[in-house]
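>>> Next come a sequence and a model predicted from it.
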Amino acid sequence: MAKPIDIFALFRHTVRLLAMTVLYALLPALAHGQYAGGEGKGFAMEGCQPSDCEGEPGGPIMPGVPCDDGNVFTINDVVSASCACQGEQDSDGDGTPDSSDPCPSLPDLVNGDPCDDNNCLTTGDVVTGCECVGSGGGEVGTIFGNNLLADGLTYWFTTTNITGAAYTWSILPNGVGWQVDAQGAVVSVIAPSVDDQVQLCVSAMLDEVCVLQACTALYVMDVGLVDLADGADGPSIRPNPNDGRFELLKGVLDMGPMDYDVEDATGRSQRVTGVITGARGIIDMGAAAPGVYLLRLRYAGGLRVLRVVVER
């Protein structure tokens, strides 16, 4: 006599076979699909390889990888979790981040250390309150030159010329990123591409006697490229380069009056001034010689400097 068929057992067996068939069909897709736990660059899994910050599977630009943020005043630059290149601030360029530097404005010095305040008229210089302080007095001179600098341009400074004296020029608190070329009582400087405020100082020694000391403040503005894209948030000019006649376009948020003044690379006014009241205006530099000029703008949004390149 034939054994009766267990319908329920047959049903369970059939369901098990169907489930295994579906699972085997999905395995290749699951193995090569995107990792569901990752969202955004640097975390997505594709083809079993992580995509880097540029979207390249298995690429090298991943969070934690060393990079260069382009700032000379930062160290230990790495790619962050948001795929931005970020570093730790190091204002004095001594390799110690400001967060753990007792005196972030003085390289490799702390309070109580002997130092040099770059003033030949003082003695007993010592770090006090994270500043190098000495005592004494003497003849204080004057430095002549433009105090507002745009990065990338050469500026000349002079002081009293004393026959036979040896001059020493310096940028304080540090000269990181600066280019300084001293020739006696005259010096040329090129500022780094970063907004900054420093002191330009000079001392003069004659027969081992300090005969002059002078300092002046320098304010640096990172003016960026020679032009800004039309429609950007800030003011821009076009064309650039030009023949001395160009159009100034205001930013979308700067529709108020805008005063302008044109100077040459050394800061001397070219007597080309005026006010733009509309959304745009024409500026004519007349018979300006070919070269690089600075267009200084003053408006409700503050002060802005744009480079103007004249070609003929």
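On my side now, so go ahead. Small disclaimer: the values here were computed from a predicted structure and weren't measured.
>>> Low-confidence ranges, the stretch 151-300 of the chain, go.
Along the stretch 151-300 of the chain, the model assigns pLDDT under 70 to residues 221-233, 266.
>>> Can you give me every residue that contacts the residue sitting nearest the centre point of the chain?
Geometric centre of the chain, nearest residue: residue 194, 4.1 Å, by Cα atoms, centre = their mean. Applying Cβ atoms under 8 Å, 6 or more residues apart in numbering, we find residue 194 in contact with 71, 72, 73, 151, 177, 220, 222. C-betas here are computed from N, CA, C, even on glycine.
>>> Put together TSV for the residues you listed, with neighbour count on each row.
Formatted as TSV, the contacts of residue 194 follow (neighbours: other Cβ atoms under 10 Å):
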residue	neighbour count
71	17
72	15
73	19
151	19
177	18
220	20
222	14
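>>> Next step: these restricted to strands.
residue 220 (DSSP state E).
>>> out of the contacts of residue 194, who's nearest residue 235?
Nearest to residue 235 among these is residue 222, at 15.5 Å by Cβ to Cβ.
>>> Could you measure from the residue lying closest to residue 91 once chain neighbours are set aside over to residue 130?
Closest residue to residue 91 apart from its sequence neighbours, by Cβ to Cβ, 6 or more residues apart in numbering: residue 104 at 4.8 Å. According to Cβ to Cβ, to the nearest Å, residue 104 and residue 130 sit 8 Å apart.
>>> Give the residue from those two that has the larger number of neighbours.
A count of neighbours by other Cβ atoms under 10 Å puts residue 104 above the other of residue 104 and residue 130, at 18 against 15.
>>> What segments of this protein are helices?
For the chain, helices defined by DSSP state H occupy the ranges 7-32.
>>> How is it divided into domains?
Annotated domains of the chain cover 87-137, 139-221, 236-310 [automatic domain parsing].
>>> and these as JSON lines, adding distance to residue 65?
Listed next are these as JSON lines, based on distance: least, Cβ to Cβ, whole Å:
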{"stretch": "domain 87-137", "distance to residue 65": "13"}
{"stretch": "domain 139-221", "distance to residue 65": "24"}
{"stretch": "domain 236-310", "distance to residue 65": "34"}
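>>> ok, the residue nearest to residue 91 to residue 295 distance?
Noted for residue 104: a distance of 35 Å to residue 295, by Cβ to Cβ.
>>> Kindly report the same for residue 100.
Residue 100 sits 42 Å away from residue 295, going by Cβ to Cβ.
>>> Among these two, which residue is more densely surrounded?
Just comparing residue 100 and residue 295: by other Cβ under 10 Å the higher neighbour count belongs to residue 295, 22 against 8.
>>> Next up, the contacts around that one.
Neighbouring residues of residue 295 by Cβ under 8 Å, 6+ apart: 237, 248, 260, 261, 262, 283, 305, 306, 307, 308.
>>> Show the contacting residues for residue 171.
The neighbours of residue 171, taking Cβ under 8 Å, 6+ apart as the test, are 178, 180, 189, 198, 199, 200, 201, 218.
>>> An error on my part: the question was meant for residue 257.
With Cβ under 8 Å, 6+ apart, residue 257 has these contacts: 275, 276, 277, 299.
>>> do residue 244 as well
284, 285, 286, 287, 288, 310, 312.
>>> Residue 305 versus that one, what's the distance?
As judged by Cβ to Cβ, residue 244 and residue 305 stand 18 Å apart.
>>> Excluding covalently adjacent residues, which one is nearest to residue 184?
residue 167 is the one closest to residue 184 (Cβ to Cβ, 6+ apart), at 5.4 Å.
>>> hmm, back to that, wait, what's in contact with the residue nearest to residue 91?
By Cβ under 8 Å, 6+ apart, the contact set of residue 104 is 89, 90, 91, 92, 98, 130.
>>> Can you report phi and psi for it?
For residue 104, the backbone dihedrals (degrees, to the nearest 10) come out as phi -70, psi -10.
>>> Tell me how far it lies from residue 75.
Remark: distance between residue 104 and residue 75 (Cβ to Cβ) = 12 Å.
>>> so what sits against both of the two?
residue 90.
>>> sorry, back to before: buried subset of the contacts of residue 244?
Burial by neighbour count, 16 or more other Cβ atoms under 10 Å: within the contacts of residue 244 this picks out 285, 288, 310.
>>> if you look at those, which of them are in strands?
Within those, residues falling in strands by DSSP E are residue 310.
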